[in-house]
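Chemist: my questions concern the predicted model and sequence given below.
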Amino acid sequence: MSPRQKLSPLQETEARRVAAAEAKANKKERTFSDEEKAKRKERVEKAKDALKRSAELKGDHVPPARKSLKTFLQNLNGPNQPDDARFEMMVEAPFKVPPKKKTNDRRF
């Protein structure tokens, strides 16, 4: 195996440009059925509604739950979408207070 030749910044930029142009030329057009579009639209509405309603909530569990909803909305076009059960859990997470951790502290 020969070591990789180190490219100059100009060559590296040109190689990236060529690779991006090839990837764009070979890209397949994704088509969504009406059923998928409706499901996606419904999920977006639910996520936005949950974000809106959870804006005034307080608690340590709220910011991570809101962040997961925001990343879901940012990555709508990604291939890895959560299944229905996981999505419902994400939507309900800001409103459910997690159980308090039990401690072994036996002080009276």
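Modeler: Structure received. Worth saying up front: this structure is predicted, and the values here are computed from it rather than measured.
Chemist: when you work out contacts or count neighbours from here on, use the C-alpha atoms and nothing else.
Modeler: Fine.
Chemist: which residues in this structure form helices?
Modeler: 9-26, 34-53, 62-74, 84-92 (DSSP state H).
Chemist: where's K67 relative to M90, distance?
Modeler: For K67, the distance to M90 (C-alpha to C-alpha, to the nearest Å) stands at 10 Å.
Chemist: higher neighbour count, the two?
Modeler: Shown here are K67 and M90; by other C-alpha atoms under 10 Å, M90 has more neighbours (19 against 14).
Chemist: surely that one is in contact with S68?
Modeler: Yes. Using C-alpha atoms under 8 Å, M90 makes contact with S68 at a distance of 7.0 Å.
Chemist: mind listing what's buried along the worst-scoring helix or strand of the chain on mean pLDDT?
Modeler: The weakest-scoring helix or strand in the chain, judged by mean pLDDT, DSSP states H and E, is helix 9-26 (a mean of 87). Buried residues in helix 9-26, counted by 16 or more other C-alpha atoms under 10 Å: none are found.
Chemist: neighbouring contacts of it?
Modeler: Helix 9-26 has contacts (C-alpha atoms under 8 Å, 6 or more residues apart in numbering) with no other residue.
Chemist: and that helix, how far out from the chain middle?
Modeler: The chain centroid and the centroid of helix 9-26 are separated by 27 Å, computed with C-alpha atoms, centre = their mean, to the nearest Å.
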